[in-house]
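1. no sequence on this one, just coordinates:
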């Protein structure tokens, strides 16, 4: 493809994206294709000659869009908000077009320094102290892995420089049983075996029970184990519950354990000063991760990891092969030493475009709108017959169940209630009007609504509530 062909096709592609996003509400939210359908739409042998450019674009509409659930749809309430602001999309396109690879500072000075700048902008927006320094990773899963590796090396006095963990006493790590699955995965990848991972019980608000945490850490220490890290959830996956960061830090510091605050989704709420008390104690933690590609709205992937002691992170992650050494190595940041990957994409551009073209005030306004819409839906559920909230509402996430009576007037319970819950959620999802992902709380299925898609307005939430009430009637 030459420059003119790129220009012509690129203009068509931008026009198509603009129309797609403008008209997305007309599409079903959840994909309706059957397994294998997408692959069957293409030749099974690789292309050997150039295809018709128009045919390639046409396949976006014919094949790709039907094979996607629409995360940018106003009826999207599944998983977590995963917004992709059009301003940040332009930044992503710019980054891909530049084709820079951040192997070291010299390879891409702008990539390195804009990542430092945009991370500091974001730090200021969520009210963290200037002592925090950040870098951009792909997802919070990777950020959590980096944090657990840092915790492992601090607790083991840098076992990586000796024979690894086999040379010292076993380490233990702790998290809420409500934490994201990536937390346990990070601990496993850090070579903390399942026998030494403690998933702490929840309290009545679905937060980590800090009394249970204190008991577990004391018991492990008395048995000769070394408590190495505690992962605090600021926005647990199922309920968006927020652990007591201050209490967790207090307990962890008794053992010298690392505290990582996983604020992947809910961290965006900290743009609002009135919500910052929810993560009180965060300044005494060791690391914090927030996904700009969730509620904040920067297109995936853009996960920010902040640490209070960058030199410890660099010591754990540093690599310095001869082909990457330059005469500027000592007075610049080398982001390869801040994470897993050696090379990095120009992710900072999409964050830069997002903030410069939209501005933080508009993002704050949207977050407040989502919180107001969640409060409105909460009020409707609390007032409606046979509907109940199954967890305390947290931010923009609501968990609810419809509990109709049996024919004899007794309450529907057990597996029959599970079947009813899954049935009305599937009826709603199959309608194309909305997309919810149910979750299990206390061993029983419950409906779950996560409000936060960029185009979702009050009228869309009102439509959702109407559809929910219709779905439970069959």
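-> Yep, that arrived. Not measured: the values here are computed from a predicted model. Numbers count the residues shown, from 1 in each chain.

2. Now do residue 167: how many residues are near it, please.
-> When counting by other Cβ atoms under 10 Å, one arrives at 10 neighbours for residue 167. Just so you know, the C-beta spots here come from the backbone N, C-alpha and C atoms, and that holds for glycine as well.

3. Wait, it touches residue 160, no?
-> No. Using Cβ atoms under 8 Å, residue 167 is not in contact with residue 160, being 10.4 Å away.

4. Pretty sure residue 80 sits against residue 293.
-> No. When contacts are counted by Cβ under 8 Å, residue 80 is not listed as touching residue 293 (10.0 Å).

5. Looking at the two, which has the bigger crowd around it?
-> Counted by other Cβ under 10 Å, residue 80 and residue 293 do not tie: residue 293 has more neighbours, with 26 against 21.

6. Quick check: that one vs residue 342, distance?
-> As defined by Cβ to Cβ, to the nearest Å, residue 293 lies at a distance of 22 Å from residue 342.

7. Pull out the buried positions in the biggest helix by length in the chain.
-> Ranked by residue count, the top helix of the chain under DSSP state H comes out as helix 360-383. Within helix 360-383, the residues that count as buried by 16 or more other Cβ atoms under 10 Å are 363, 364, 366, 367, 369, 370, 371, 373, 374, 377, 380, 381.

8. Name all residues that make contact with residue 432.
-> For residue 432, the contacting residues are 27, 28, 29, 30, 32, by Cβ atoms under 8 Å, 6 or more residues apart in numbering.

9. Which neighbouring elements make contact with the helix or strand bottoming out on mean pLDDT in the chain?
-> Comparing helices and strands within the chain by mean pLDDT, DSSP states H and E singles out helix 181-189 as the least confident, with a mean of 91. Packed against helix 181-189 by the contact rule (3 or more Cβ pairs under 8 Å, 6 or more residues apart in numbering; DSSP states H and E) you find helix 140-155, strand 171-176, strand 197-200, strand 226-233.

10. can you do 6 Å?
-> In this structure, helix 181-189 packs against helix 140-155, with contacts taken as 3 or more Cβ pairs under 6 Å, 6 or more residues apart in numbering; DSSP states H and E.

11. Could you check the angle the helix it packs on makes with helix 181-189?
-> Angle between the axes of helix 140-155 and helix 181-189 is 40 degrees (criterion: axes from the mean of the first three to the mean of the last three Cα atoms, to 10 degrees).

12. what are the ranges of the helices in the chain?
-> Along the chain, the segments classed as helices by DSSP H run 3-22, 37-40, 53-59, 86-98, 109-125, 140-155, 181-189, 210-222, 245-253, 310-317, 348-358, 360-383, 414-430, 458-471.

13. Save the ones you listed as CSV, and put in distance to residue 229 too.
-> Rendered in CSV, the data for the helices of the chain read as follows (distance: least, Cβ to Cβ, whole Å):
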stretch, distance to residue 229
helix 3-22, 41
helix 37-40, 40
helix 53-59, 46
helix 86-98, 32
helix 109-125, 22
helix 140-155, 3
helix 181-189, 8
helix 210-222, 11
helix 245-253, 8
helix 310-317, 13
helix 348-358, 28
helix 360-383, 30
helix 414-430, 35
helix 458-471, 38
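
14. Return the set of residues that bridge with the closest residue to residue 169 other than its chain neighbours.
-> Here the nearest residue to residue 169 in space, its sequence neighbours aside, is residue 226; by Cβ to Cβ, 6 or more residues apart in numbering that works out to 5.2 Å. With beta bridges defined as DSSP bridges, residue 226 has these partners: residue 171.

15. Please name the residues that touch residue 226.
-> In this structure, residue 226 makes contact with 155, 169, 171, judged by Cβ atoms under 6 Å, 6 or more residues apart in numbering.

16. Would you mind listing the buried residues in the least confident helix or strand of the chain?
-> Of the residues in helix 181-189, 182, 183, 184, 186, 187 count as buried by neighbour count, 16+ other Cβ under 10 Å.

17. swap in stretch 242-253?
-> Of all the residues in stretch 242-253, those buried under the rule 16+ other Cβ under 10 Å are 242, 243, 244, 245, 246, 247, 248, 249, 251, 252.

18. Phi, psi for the residue positioned nearest the centre of the chain please.
-> Among the residues of the chain, residue 264 comes closest to the average C-alpha position under Cα atoms, centre = their mean, at 4.3 Å. The main-chain torsion angles of residue 264 are listed as degrees, to the nearest 10 and equal phi -50, psi -50.
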